[in-house]
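Undergrad: Generate coordinates for the sequence data below:
(chains A and B)
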There are 2 protein chains.
Amino acid sequence: MDANEIVKEIALQARQAAGVLAASRGAARDAALQCCANAIRAAKEPLQAENEKDLARSSELGLTDAMVDRLRLTDARIDAMATGLEDIAAQTDPVGQTIAGYNRPNGLRIEKRRCPIGVVGIVYESRPNVTADAAGLCLKSANACILRGGKEAIHSNLAIAAALRKGLAAANLPEACVTVLESTDRALVPAMATAEGLIDLIIPRGGEGLIRAVTEAATIPVIKHYNGICHVYVHNDADLKMAEVIVVNAKCQRPGVCNAAETLLVDESIAKAFLPDLARKLRLNKVELRGCETSRALVPDMKPATEDDWREEYLDLILAVRVVENLEAAIEHINTYGSKHTDAIVTDNVVAAERFTTAVDSASVMVNASTRFSDGAQYGLGAEIGISTDKLHARGPMGAEDLTTYKWIVTGAGHVRE
Amino acid sequence: MDANEIVKEIALQARQAAGVLAASRGAARDAALQCCANAIRAAKEPLQAENEKDLARSSELGLTDAMVDRLRLTDARIDAMATGLEDIAAQTDPVGQTIAGYNRPNGLRIEKRRCPIGVVGIVYESRPNVTADAAGLCLKSANACILRGGKEAIHSNLAIAAALRKGLAAANLPEACVTVLESTDRALVPAMATAEGLIDLIIPRGGEGLIRAVTEAATIPVIKHYNGICHVYVHNDADLKMAEVIVVNAKCQRPGVCNAAETLLVDESIAKAFLPDLARKLRLNKVELRGCETSRALVPDMKPATEDDWREEYLDLILAVRVVENLEAAIEHINTYGSKHTDAIVTDNVVAAERFTTAVDSASVMVNASTRFSDGAQYGLGAEIGISTDKLHARGPMGAEDLTTYKWIVTGAGHVRE
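TA: Model (predicted):
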């Protein structure tokens, strides 16, 4: 079978499952999420055995240390997947919620009511826990999903899907609610992205190559989950001690993820007071610094930053550093080089904070907090389908509610237009 | 200049204007809307003179009567355009609204705040009043817009844009907030749809050819405004008198628009009691009927309907008629042949109404009301950018609020992740 036929066959099964989900009650879907969580915990050993197969190939596939970190299914991460599913089950059901409801002067009743999207395709790389999070959020929101992970995690992803399908079967829901594609053939991605009438939405999460492949092929709606070129800007009215703690956390606490900071911007009036001490702290944390000329004058052993460094998602212990003239220059740098993901300002000045949050065109804008908080669980969404760097439909961390659409329900008593 | 260069030059001007709009206050944009309304009223004579040029070419371009009706700028329609802008000005400003705001257990403050999308491209056919409505809604929501109307309305559209730009200038806002493309070169459409980083969203409104051209070319987000294959389903528990009034209104009140009914579905148990009388009423209204075999047995002078009739948007005084076995058969017909636009049930039965509204996968679902109410003004949105037949971001009538996105604003006091 060619890629289009494979996708069509799976999508037709998913559409049938989506019909069952759309007619299901919230309690039935929550019970299924609990069954899935139980199945994940019960499958710890097969999950880790399959994960080992992926890890064994990681150097052959040329994965960096950060990528290997993301790939590894530790005991804690397996339990976190199960807990994530339970957290999703505990959330309010988004389906059937009235977003707006009102009577028109002519007596017509207008209601905007949330409903599932249908069949959601998700294409992602690396972290296998995405499989459980994505499936759980789709199940919560009564959508069937078709998941296409990267080849570096294929064994882990299929093992997770097998556990989830056991959970679905135990809860009397169709296994086709969740499908992980068995083949890692690249042609499946454009086949999914052009499955009009079969797949309602495709969500690519990953690097530029993946996003390009989906965006250029797609004729169905896409929500891009692009990389994170996240900035921390230290304003001249910043508490410098707080700024240091935030920068170190944003860079070092988990450098291999998209909400880690990649570039530090420092106001020139405080650069001398701030940068040398910070550089010492970062070196203690094994961070390589790449600075602009002004910052290298203050911290001579920094490597020089090139134009490319401003556009680089290192996902590693490397930080680009630039001294900027003022708030407006920081905003311009972020809007020029950033990826519209997450950017932070450290300042005590309320006017500067307001200007920064209004003018920075990013999904999440932090004031006096680490970029690492840009995350569905941290925002209270239970888990996230990913972090949208698009502006349409959903922006930033996407939870179950973002996997719904709505319909207008209009009720009259024989109303006609004159 | 080739099409990409034309679009790039205009989009760069629009982006600058969008920056001014994003920093503007709501009162300034409302004042500009009033200036635009005044300018439209003041330009009645040049508008009608330019409209005459388009009307003079309408038979040469092969427009149907319904299309010519939609093209004509009567006194009433010019005044309605101006009133539409005033209605938009009177609405609540969507920009800056807090969609959700809460504190996390760790004290982080999370806020989801509405902001403009940026630059919106709209590609449409026929009705020139779309130019004023679309520009007004973009202005309200602080977006710049690039409009590409059909060649059949080019003189009218450019005249409306000239009036709107006078209004913008009078209100000290950049004229580049609103641009109608002067050329009707087809290559401009794919150029707009691939203007990544320049145009944030493209909205095609029109027939299949236009939608296909945009969807297949697009690498930027698209919200499709497809045609309306709208159904009225008369359930066996319907008040037949009410059903007759609704069907006649849905078909005849303005047949040339997308929310007019194209197909009537009748429950077989009431077909004999309902169809012959209805057919007489519709014939008095000059409606041509095309029926399935069962309906032709009851109303012998109906033409036979073919499979194609179930998929046809007549935009004319023609109605396809099908007798269906029951509610589920009606739902299946609508989900198979409809365009997910607007569908109505006439019934006194609350269980049937609930099942219909849940299972019909359309943007608007009417109970005991004419499909003709599916409209931004009728829903209280002031005016509409169009009626989305997509499920993502905005569905059904789209108002100013649907032209916004949001950002997450996260405020801490030196918060870092552990």
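Undergrad: Apart from its neighbours in sequence, what residue is nearest the residue of the stretch 251-400 of chain A found nearest chain B?
TA: Residue nearest to chain B within the stretch 251-400 of chain A: residue A:369 (3.1 Å; C-beta to the nearest C-beta). No exception for glycine: its C-beta is placed from N, CA and C like everyone else's. With C-beta to C-beta, 6 or more residues apart in numbering or on different chains as the criterion, residue A:369 has its nearest non-adjacent residue at 3.1 Å, and that residue is residue B:412.
Undergrad: What of residue A:250?
TA: Counting by C-beta to C-beta, 6+ apart, residue A:250 lies nearest to residue A:261, which is 3.6 Å off, once chain neighbours are set aside.
Undergrad: give me the number of residues near the one you found?
TA: Using other C-beta atoms under 10 Å in any protein chain shown, the number of residues around residue A:261 comes to 28.
Undergrad: so what's it up against?
TA: With contacts defined as C-beta atoms under 8 Å, 6 or more residues apart in numbering or on different chains, the neighbours of residue A:261 are A:230, A:231, A:232, A:247, A:250, A:251, A:319, A:344, A:371.
Undergrad: Which members of those are positioned in strands?
TA: For the contacts of residue A:261, membership in strands holds for A:230, A:231, A:232, A:319, A:344, with DSSP state E as the criterion.
Undergrad: farthest pair in those residues?
TA: Across the ones in strands among the contacts of residue A:261, the two members that end up farthest from each other (C-beta to C-beta) are A:319 and A:344, 13.5 Å apart.
Undergrad: okay, those two: which has more neighbours?
TA: residue A:344 (33 against 30).
Undergrad: Report pLDDT for the residue nearest to the more buried one when sequence neighbours are not counted.
TA: Closest residue to residue A:344 apart from its sequence neighbours, by C-beta to C-beta, 6+ apart: residue A:366 at 3.7 Å. In the predicted model, residue A:366 carries a pLDDT score of 98.
Undergrad: need the contacts of residue A:261 in TSV with pLDDT and distance to residue B:296, can you?
TA: Rendered in TSV, the data for those read as follows (pLDDT from 0 to 100; distance: C-beta to C-beta, whole Å):
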residue	pLDDT	distance to residue B:296
A:230	97	66
A:231	98	69
A:232	98	73
A:247	98	77
A:250	98	72
A:251	98	75
A:319	98	76
A:344	98	70
A:371	98	68
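Undergrad: What is the most widely separated pair among those?
TA: Taking C-beta to C-beta as the measure, the contacts of residue A:261 reach their widest spread between A:319 and A:344, a distance of 13.5 Å.
Undergrad: neighbours of residue A:198, just the number please.
TA: Counted by other C-beta under 10 Å, the residues lying close to residue A:198 total 21.
Undergrad: my guess is it meets residue A:12, correct?
TA: Yes - at 6.9 Å, residue A:198 and residue A:12 qualify as touching, with contact defined as C-beta atoms under 8 Å.
Undergrad: in the sheet, who's paired with the residue nearest to residue A:250?
TA: According to DSSP bridges, the partner residues bridging residue A:261 are residue A:230.
Undergrad: And the pLDDT for it?
TA: If you check residue A:261, the pLDDT there is 98.
Undergrad: swap in the one 4 residues further on?
TA: With respect to pLDDT, residue A:265 has a value of 98.
Undergrad: Tell me if I'm right that it and residue A:326 touch.
TA: No - under the contact definition of C-beta under 8 Å, residue A:265 does not touch residue A:326, with a separation of 10.6 Å.
Undergrad: Of the two, which one has the most company?
TA: For residue A:265 versus residue A:326, the count of surrounding residues by other C-beta under 10 Å is larger for residue A:265: 24 against 13.
Undergrad: Check for me that residue A:283 belongs to a helix.
TA: Yes - applying DSSP: H, G, I helix; E, B strand; the rest coil, one finds residue A:283 inside a helix.
Undergrad: okay, now it: neighbour count?
TA: For residue A:283, using other C-beta under 10 Å, the count is 13.
Undergrad: can you tell me which residues contact it?
TA: Residue A:283 touches residue A:289, counting by C-beta under 8 Å, 6+ apart.
Undergrad: how close does it get to residue B:129?
TA: 65 Å (C-beta to C-beta, to the nearest Å).
Undergrad: now do residue A:349
TA: 47 Å.
Undergrad: Show the low-confidence segments of chain A, by residue range.
TA: Applying pLDDT under 70 to chain A picks out residues A:126.
Undergrad: again, 80 this time
TA: Applying pLDDT under 80 to the predicted model, the residue ranges of chain A that meet it are A:66, A:126, A:206-207, A:382-383.
Undergrad: Where do the helices of it begin and end?
TA: If DSSP state H is used as the criterion, the helices of chain A fall at A:3-22, A:26-42, A:44-56, A:65-71, A:75-90, A:129-140, A:154-170, A:188-193, A:208-217, A:240-252, A:268-284, A:293-298, A:327-337, A:350-359.
Undergrad: What lies in contact with the fourth one?
TA: In this case it means helix A:65-71. Contact with helix A:65-71 is made by A:51, A:54-55, A:58, A:63, A:126-128, A:152-153, A:156, A:255-257, A:315-316, as judged by C-beta under 8 Å, 6+ apart.
Undergrad: who's in contact with the residue nearest to residue A:150 when sequence neighbours are not counted?
TA: Excluding the flanking residues, the one nearest residue A:150 by C-beta to C-beta, 6+ apart is residue A:125, at 4.1 Å. Each residue near residue A:125 by C-beta under 8 Å, 6+ apart is listed here: A:149, A:150, A:152, A:153, A:205, A:206, A:207, A:210.
Undergrad: what's near enough to touch residue A:182?
TA: Here residue A:182 is in contact with residue A:158 (C-beta under 8 Å, 6+ apart).
Undergrad: could you redo the last one with a cut-off of 10 Å?
TA: Residue A:182 is in contact with A:6, A:10, A:154, A:157, A:158, A:161, A:188, counting by C-beta atoms under 10 Å, 6 or more residues apart in numbering or on different chains.
Undergrad: My guess is the fifth one contacts residue A:151. True?
TA: This points to residue A:158. No - using C-beta atoms under 10 Å, residue A:158 is not in contact with residue A:151, being 11.5 Å away.
Undergrad: The closest residue to residue A:399 other than its chain neighbours: neighbouring residues, count only.
TA: Closest residue to residue A:399 apart from its sequence neighbours, by C-beta to C-beta, 6+ apart: residue A:381 at 3.1 Å. For residue A:381, the number of neighbouring residues by other C-beta under 10 Å comes to 22.
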